[in-house]
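S.K.: return atomic coordinates for the entry below.
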Amino acid sequence: IWGLDFGDCHKSLFAHEGSIMAIRFCPGTHYCFTCAKDKRIKFWDCDKFEQVMTLSAHHAEVCSLAVGSQGNLLLSCSNDRSIRVWEQTDEMVFVHLEKRRELEEELDKEELQAGAPSAIKGSGLPSAPLESAPVATGGSNQSLVGAERLMEAMEVAKVELERWEEYHKAVAKAKAREANLEEDSKEVSGLQMLIEGKRDSERVKADDIPEPETNTVLGGLSPAGYIFRELKEISASERSDALLNLPFKYAQTLIGFCKEFLEERLNTESAVQTAYFLAAAHREQILQSSDLLEKLQSIRRVARKHLREQRDVIGENSAGLRLLLKANESKKASYMRGDLAAPEARDNSGDSLFVIDRAGQTAGKVKRRKMN
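M.R.: I've put the predicted structure just below:
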């Protein structure tokens, strides 16, 4: 999607699995239809850069499209020798439900096509299946609820970050204005200084700008910590399905927060697992975005730094334990050679001593000699 003002590329979308044959905009809007050789017609919102719905009715590649002048009719022609007329209805379309339906259709198609692993002729051995992106296994209500909670948490965190960003901008602007006034005051007359001083008193100073009120929804956590808590509250068995149910828009946001998970040292393993899973699930879209690739590279750098630190801590602890073990064995060997005196224990009567032999057993009770 290109901007005509400066000729820059606003967004690059992975739209179809086959060659795209045509694209048509609805008159007076930024909605468009695309058709391709994968037998599908897709409806897009070019303001939000996301897919709204998919139309699947043709049995061969779709060659061309035409949109009515009012935008309520769509005509498509295909190599299956058919022309189909699509009419706009009053039924509401929910993007996340459409994506879920499309995902379920893909899974059903893969299950039908998947069979026993194919074997090389004459080998007598089954071939190993190729690695692929993770797919949803259950899609239960719990995973849908978990995905919705994650999306709500990201929206709350986004609002909180925007509030603090506005606060920091206001403080920086006030400080810059105060610095400029101090420089200008050195070169103005007394009357001008009086006028500027009056104006300055009417302006809000940087120290007087109040911080944003505490968001009670976060529960005293940072935005990244709040999202991480919601992520950890999803059970491990439902977490993968919940992540797959996230729209790509929220998946991008969560990848960005994975770096903050690492920077705040919440949990290195969980942060890396989440980023890796989302990268595998949306590999094709991520390869088209240089911003997401840079985020993943930064996550990799921070994760490696944390792993090196943990490796050093484990190495120091292991070296300390080996040193203590060696000292204990040396002490035990000296005791076995008789370099150390055998410990003695006094009984409760105070008249006898218990002598402990080198094997650790009581040698016997020895009568204490009385001193004259």
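
S.K.: how close does residue 69 get to residue 27?
M.R.: Distance, residue 69 to residue 27, using Cβ to Cβ, to the nearest Å: 6 Å. Every C-beta, even on glycine, is put in place using the N, C-alpha and C of the backbone.

S.K.: for those two, work out which one has more neighbours and name it.
M.R.: Neighbour totals were compared for residue 69 and residue 27, and residue 27 leads with 11 against 8 (other Cβ atoms under 10 Å).

S.K.: mind telling me what element residue 64 is part of?
M.R.: Per DSSP states H and E, residue 64 falls inside strand 62-67.

S.K.: quick one: the helices in the stretch 151-300 of the chain?
M.R.: Applying DSSP state H, counting those that start in this stretch to the stretch 151-300 of the chain gives helices spanning 190-202, 223-233, 236-244, 248-263, 268-281, 283-287, 290-337.

S.K.: buried residues in the strand holding residue 64?
M.R.: 62, 63, 65, 67 (16 or more other Cβ atoms under 10 Å).

S.K.: swap in stretch 142-155?
M.R.: 143, 144, 146, 147, 149, 150, 151, 153, 154.

S.K.: cool, stretch 69-79 as well?
M.R.: Neighbour counts using 16+ other Cβ under 10 Å place 74, 76, 77, 78 of stretch 69-79 among the buried residues.

S.K.: what stretches of the chain score poorly on pLDDT?
M.R.: For the chain, applying pLDDT under 70 flags the ranges 110-140, 181-208, 335-372.

S.K.: can you pull the contacts of residue 87?
M.R.: Residue 87 sits next to 72, 73, 74 when contact means Cβ atoms under 8 Å, 6 or more residues apart in numbering.

S.K.: check contacts around the last one.
M.R.: Residue 74 sits next to 24, 33, 41, 65, 66, 67, 68, 85, 86, 87 when contact means Cβ under 8 Å, 6+ apart.

S.K.: kindly report the same for the second one.
M.R.: Residues counted as contacts of residue 73 (Cβ under 8 Å, 6+ apart) are 67, 85, 86, 87, 88.

S.K.: hmm, 7 Å instead?
M.R.: 85, 87 (Cβ atoms under 7 Å, 6 or more residues apart in numbering).

S.K.: ok, the one 3 residues further on next?
M.R.: For residue 76, the residues meeting the contact criterion (Cβ under 7 Å, 6+ apart) are 35, 41, 58, 62, 65, 84.

S.K.: repeat that for 8 Å
M.R.: 35, 41, 55, 58, 62, 64, 65, 66, 83, 84, 86.

S.K.: count the neighbours of residue 331 for me.
M.R.: 12.

S.K.: contacting residues around residue 234?
M.R.: 142, 143, 146, 149, 150, 242.

S.K.: which ones among those residues map onto helices?
M.R.: Mapping the contacts of residue 234 onto helices (DSSP state H) picks out 142, 143, 146, 149, 150, 242.

S.K.: before we move on, the earlier item: could you dump the contacts of residue 76 into TSV and include distance to residue 300?
M.R.: Output for those, formatted as TSV (distance: Cβ to Cβ, whole Å):
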residue	distance to residue 300
35	38
41	38
55	39
58	42
62	40
64	44
65	42
66	47
83	51
84	47
86	45
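
S.K.: pretty sure residue 67 sits against residue 24.
M.R.: Yes: using Cβ atoms under 8 Å, residue 67 is in contact with residue 24, at 4.7 Å.

S.K.: overlap in contacts, these two.
M.R.: Common contacts of residue 67 and residue 24, defined by Cβ under 8 Å, 6+ apart, comprise 33, 74.

S.K.: what about the strand holding residue 64, distance to the chain center?
M.R.: Here the centre of strand 62-67 is set off from its chain's centre by 38 Å, with Cα atoms, centre = their mean, to the nearest Å.

S.K.: tell me which residues are up against that strand.
M.R.: Against strand 62-67 from outside (Cβ under 8 Å, 6+ apart): 21-27, 33-37, 39-41, 73-79.

S.K.: okay, and which of those map to strands?
M.R.: Among the contacts of strand 62-67, the ones falling in strands (DSSP state E) are 21-25, 33-36, 41, 73-78.

S.K.: all helices for the stretch 1-150 of the chain, in order.
M.R.: Under DSSP H, counting those that start in this stretch, the stretch 1-150 of the chain gives helices at 95-113, 141-185.

S.K.: what count of nearby residues applies to residue 38?
M.R.: Counted with other Cβ under 10 Å, residue 38 comes out at 17.

S.K.: not counting its neighbours along the chain, what's nearest it?
M.R.: Leaving aside its chain neighbours, residue 38 sits nearest to residue 18 (3.9 Å; criterion: Cβ to Cβ, 6 or more residues apart in numbering).

S.K.: would you confirm that that neighbour contacts residue 61?
M.R.: Yes: here residue 18 reaches residue 61: they are 6.8 Å apart, a contact under Cβ under 8 Å.

S.K.: cool, thanks, talk later.
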